[in-house]
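[1] Compute the structure for the input listed below.
(one chain, ligands or ions: 2)
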Amino acid sequence: MLARTALRSVASTSRASAFSTSAARLTRVAVLGAGGGIGQPLSLLLKSDALVSSLSLYDIRGAPGVAADVSHIDTASEVNGYAADKIDEALEGAQVVVIPAGVPRKPGMTRDDLFNTNASIVRDLAASIGRVAPTAHILVISNPVNSTVPIVARTLEKAGVFDPKRVFGVTTLDVVRAARFTAGIAGVKPEQTPVTVVGGHSGATIVPLLSQNEHGKAISGDVYEKLVHRIQFGGDEVVKAKDGAGSATLSMAYAGAKFTNALLRGLNGEQGVITPTFVRSPLFEDKGVDFFSSLVELGPEGVQKILPLGQLSAEEQKLLDACLPELKKNIEKGLAFVA
Ligand SMILES: NC(=O)C1=CN([C@@H]2O[C@H](COP(=O)(O)OP(=O)(O)OC[C@H]3O[C@@H](n4cnc5c(N)ncnc54)[C@H](O)[C@@H]3O)[C@@H](O)[C@H]2O)C=CC1
Ligand SMILES: O=C([O-])CC(=O)C(=O)O
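    Ligands and ions are numbered 1, 2, ... in the order given. Here you go, the predicted model:
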């Protein structure tokens, strides 16, 4: 029952461009890293979201140009661009802050290899948010997500403004890939194969719960193994194809806009907005894993309810067992960086 309701709700978040306008509390959204490969198309998609009333685009390079460009689009929201020394102005009044700032992978690198560069970028941005927009909802895209989300949480905690209902790691691209790849195998439309993906956002920490979808459940043996591997390592596929020019940007912008729209609908009081996201979570606290991605119901204050995983197959239990120790290490690395 839970699984069925949850899957219907995930499917309901799949209309990234069918942005609802009714009874909307309009929202000021800031994008930090708006000049980058993800930031630019994400800003474009957010300009098309009727729930966004004001878009604040910030980057250490190029944000005013992106803002001027995007601002010509004929939707009602206002757009402003902010250069490197204008972080405070960019964050002023922001209710939602999306962070795709930081370096992407090159072939041969793991997401964890980005830690040395991206940890301090994310920590410093989180400190600015804590100071200027302490009640904003923060959506972290920058990798390694398994560590950058704990970095944001601990930085806000140190500033005395951490609210676990308002900090999210964006794992939507794993959900998008899982639906797409499963549909391809099943020969149906991706709307028919919503897959809940839990855990974290890198390799073995990505755990797709294929058994909870009727089409996913029918996939077994070698095809199942290959599908799980493709969902877990979909990012590598893009990194390899881009051959040194970066990682997923367009599909990530789509996923980022989709998650932002889900959050905005929840903030606006829409009922039953449920999607996986990486949050401070009690689900595996007893195993020392304080952040975990699972289905989360989004509401007027952000995280409204963290849902249990539901029934797992024997294969999924094995994947989860492999996920938890690696995720724990990634989380501890992030927390230790701030401490
Ligand atoms: N969560 C997910 O599923 C995914 C996460 N990513 C991650 O997103 C991040 C960004 O990727 P891309 O956009 O492809 O990289 P990019 O290099 O094209 O863009 C990053 C942007 O961040 C800006 N930046 C760097 N330091 C900054 C700071 N202190 N303040 C504001 N802006 C700053 C850069 O000037 C650049 O414009 C990477 O860490 C990548 O690994 C990428 C794909 C999926
Ligand atoms: O693979 C990467 O480095 C970017 C990413 O997180 C993804 O595409 O899932």
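[2] So, low pLDDT: which residues of this protein?
    For the chain, the stretches with pLDDT under 70 are 1-26.
[3] ok, the residue of it found nearest ligand 1 - contacts?
    Relative to ligand 1, the nearest point of the chain is Gly36 (2.0 Å; CB to the nearest ligand atom). All C-beta atoms are positioned from the backbone trio N, CA, C, and that covers glycine. For Gly36, the contacting residues are 59, 100-101, 249, by CB atoms under 8 Å, 6 or more residues apart in numbering.
[4] Please apply the same query to Lys165.
    Contacts of Lys165 (CB under 8 Å, 6+ apart): 301-304.
[5] What is the nearest of those residues to Glu326?
    Closest approach to Glu326 among the contacts of Lys165 (CB to CB): Val303, at 23.7 Å.
[6] State the distance from the closest one to Gly288.
    21 Å (CB to CB, to the nearest Å).
[7] what's the answer for Gly200, then?
    From Gly200 to Gly288 the distance is 14 Å (CB to CB).
[8] likewise Pro150?
    Distance, Pro150 to Gly288, using CB to CB: 12 Å.
[9] can you check Glu301 too?
    According to CB to CB, Glu301 stands 27 Å off from Gly288.
[10] just to confirm, which helix or strand has the residue of the stretch 201-339 of the chain found nearest ligand 2 in it?
    Taking CB to the nearest ligand atom as the measure, the stretch 201-339 of the chain has Gly235 as its residue closest to ligand 2, at 2.3 Å. Following DSSP states H and E, one finds Gly235 within helix 234-242.
[11] quick one: which of Gly200 and Gly288 has more around it?
    Legend: neighbour count by other CB atoms under 10 Å for Gly200 and Gly288, higher for Gly200 (31 against 12).
[12] Break down this structure into its helices, ranges please.
    2-12, 39-47, 63-70, 87-91, 115-132, 145-158, 172-186, 214-217, 221-232, 234-242, 250-267, 314-338 (DSSP state H).
[13] deepest of the ones you listed, which one?
    helix 145-158 (a mean of 26; mean count of other CB atoms under 10 Å).
[14] Any residue of that one touching ligand 1?
    Yes - Helix 145-158 is in contact with ligand 1 by CB under 6 Å from any ligand atom, via Val145.
[15] hang on, the earlier thing: just send the contacts of Lys165 back as TSV, with neighbour count and distance to ligand 2 too.
    Shown next, in TSV, are these (neighbours: other CB atoms under 10 Å; distance: CB to the nearest ligand atom, whole Å):
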residue	neighbour count	distance to ligand 2
Glu301	13	28
Gly302	21	23
Val303	22	22
Gln304	15	26
